[in-house]
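Sequence first, predicted coordinates after that:
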Amino acid sequence: MIETKILQIASVDADAAIETAVQVLKRGGLVAFPTETVYGLGADVLNLEAVKKVFEAKGRPSDNPFIVHIATYRQLEDIADEVPEKGKILAETFWPGPLTLVLKRTILISDLVTADLDTVAVRMPNHPVALALIKAFGEGIVGPSANLSGRPSPTTAQHVYDDLRGSVDLILDGGPTQIGVESTVVDVTVEPPVILRLGGLTQERIEEVIGSVQVGGSEPLSHRSPGTRHRHYAPRAKAVLVNHQDVEGFTAALQHYRQQGKNVGCIVNSPLLAKVETGVFFRVLPSSIDILARYLFSTIRELDALGVDVLIIEGVEEQGLGATVMDRLRRAAG
Ligand code: TXA
Ligand code: MG
């Protein structure tokens, strides 16, 4: 066990906090940092001992590769061999932002980082703390979401602390994250490009700039996105998904689990279901999908912490960011 330190960026000298974090990374330590999507668990991409520590801290299966975070295009040259035309267009349009590109890797990037794939995932996050950290460090930083493997991604420094206390050296606390779900992972080494993981950048916006793409995560493609095979985003409670605005399905599920004597928590979002109940175990998220996504993981974590046995969650309309939210809810419900 190491002592985990938290530095609140708003209340300390930001330059000094970044310098402290750089020193931790340089000696092979782990630094959790805020991005616009979720918190990442950072380590020096070129230090294999440090990368191994990230797998251990998260309890992450070794067949699940990491995203390398960069702050400048110069850093990309050491990591990716070639960037296909559509990859360039996507990067120019959406970086820094919630987009991860899967590219052919250079020999500088170790098998450990890419889980033996011949590709590497790269992202330029849109957060001042993340960008300042990566620039000051100089090299790329591996940055999986800073949660225990299988748990919902962390959207606050406290979530990181709850999951990784004792195995991360330093947490840079930049407040709650803006988007709340992870980046969209797009493989641009194939034609047409494939969305391997839906995320904060919608399929619709991607298609506006490069034309139609495939959406993977389905069986024949899942070998190309190892992370999507594993159980994910799971609360400790049993998660049950009901359809958007399905009052009957919702009340039936509620009754069913209560009759079994279960402690039931609910997360709804439509005015229809919001009327069914009240109380601390019953949470109503805003129906605006951007705000819903921002608070989804933290609400799941809060209800988990209250010790519910079953968590009934209302689905959303499956378009735009709603498609990402439904992907996460289905995985949470296993
Ligand atoms: O928003 C995000 O992407 C956050 C923040 C911290 O940047 N990071 C994140 O990392 O979600 P992680 O490790 O939790 O998820 C990375 C995803 C996994 O699904 C992994 O399988 C996939 O990216 N991935 C990584 N390298 C890949 C590769 N070479 N080919 C295909 N998929 C890859
Ligand atoms: Mg993750």
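That came in fine, so what should we check first? Ligands and ions are numbered 1, 2, ... in the order given.

Just say helix, strand or coil for Ala132.
Under DSSP: H, G, I helix; E, B strand; the rest coil, Ala132 falls in the helix class.

Number of residues surrounding the closest residue in space to it that isn't next to it in sequence?
Residue nearest to Ala132 in three dimensions, not counting chain neighbours: Ile18, with 5.1 Å by C-beta to C-beta, 6 or more residues apart in numbering. Glycine gets a C-beta too; all of them are placed from N, C-alpha and C. Close neighbours of Ile18, defined as other C-beta atoms under 10 Å, add up to 22.

who's in contact with Ile18?
With contacts taken as C-beta atoms under 8 Å, 6 or more residues apart in numbering, Ile18 has the following neighbours: 129, 132-133, 136, 172.

go again using 7 Å as the cut-off
132-133, 136 (C-beta atoms under 7 Å, 6 or more residues apart in numbering).

Ligand 1 versus His244, what's the distance?
25 Å (C-beta to the nearest ligand atom, to the nearest Å).

doesn't Glu314 make contact with that residue?
Yes. In this structure, His244 is within contact of Glu314 by C-beta atoms under 7 Å, at 6.2 Å.

any residues in contact with both of these two?
What both His244 and Glu314 touch, as defined by C-beta under 7 Å, 6+ apart, is the set Ser270.

higher neighbour count, the two?
A direct count of neighbours by other C-beta under 10 Å for His244 and Glu314 places Glu314 higher, at 24 against 17.

if I pick that one, what's in contact with it?
With C-beta under 7 Å, 6+ apart as the criterion, the residues that contact Glu314 are 242, 244, 250, 267-270, 273.

For it, give its distance to Ile300.
When distance is defined by C-beta to C-beta, to the nearest Å, Glu314 is 13 Å away from Ile300.

All the strands of the stretch 201-334 of the chain, residue numbers only.
Per DSSP state E, counting those that start in this stretch, the stretch 201-334 of the chain has strands spanning 214-215, 238-242, 264-268, 282-284, 310-314. These are given in chain order.

Using JSON lines, please lay out the ones you listed together with mean pLDDT and distance to Val160.
Output for those, formatted as JSON lines (pLDDT from 0 to 100; distance: least, C-beta to C-beta, whole Å):
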{"stretch": "strand 214-215", "mean pLDDT": "96", "distance to Val160": "30"}
{"stretch": "strand 238-242", "mean pLDDT": "97", "distance to Val160": "22"}
{"stretch": "strand 264-268", "mean pLDDT": "98", "distance to Val160": "22"}
{"stretch": "strand 282-284", "mean pLDDT": "97", "distance to Val160": "22"}
{"stretch": "strand 310-314", "mean pLDDT": "98", "distance to Val160": "22"}
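
so which of the ones you listed comes closest to ligand 1?
strand 214-215 (13.8 Å; C-beta to the nearest ligand atom).

Buried ones in the helix ranked longest in the chain, by neighbour count?
Longest helix of the chain, by residue count under DSSP state H: helix 289-305. Neighbour-count burial for helix 289-305, with 16 or more other C-beta atoms under 10 Å as criterion, is recorded at 289, 292-301, 303-304.

Stretch 123-131 now?
Applying a neighbour-count criterion of 16+ other C-beta under 10 Å, one finds 123-127, 129-131 buried in stretch 123-131.

Ok, stretch 246-260 next?
Neighbour counts using 16+ other C-beta under 10 Å place 246, 249-250, 253-254, 257 of stretch 246-260 among the buried residues.

From the residues you listed, which land in helices?
Judged by DSSP H, the subset of the buried residues of stretch 246-260 located in helices is 249-250, 253-254, 257.

Could I get the residues you listed in a markdown table, plus columns for distance to Thr189 and pLDDT?
Formatted as a markdown table, these follow (distance: C-beta to C-beta, whole Å; pLDDT from 0 to 100):
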| residue | distance to Thr189 | pLDDT |
| --- | --- | --- |
| Gly249 | 41 | 98 |
| Phe250 | 43 | 98 |
| Ala253 | 42 | 97 |
| Leu254 | 46 | 96 |
| Tyr257 | 45 | 97 |
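
Need the phi and psi values for the closest residue to Thr184 other than its chain neighbours.
Here the nearest residue to Thr184 in space, its sequence neighbours aside, is Gly199; by C-beta to C-beta, 6+ apart that works out to 3.5 Å. Backbone torsions for Gly199, taken as degrees, to the nearest 10, come to phi -160, psi -150.

residues in contact with Gly199?
With contacts defined as C-beta under 7 Å, 6+ apart, Gly199 is in contact with 98, 181-185, 324.

ok, now with 8 Å
Taking C-beta under 8 Å, 6+ apart as the contact definition, Gly199 lies against 37, 98-100, 181-185, 324.

ok, now Ile291?
Contact analysis of Ile291 by C-beta under 8 Å, 6+ apart lists Leu285.

quick revisit: out of the contacts of Glu314, which two are the most distant from each other?
With distance counted by C-beta to C-beta, no two of the contacts of Glu314 lie farther apart than His244 and Ile267, which are 12.4 Å apart.
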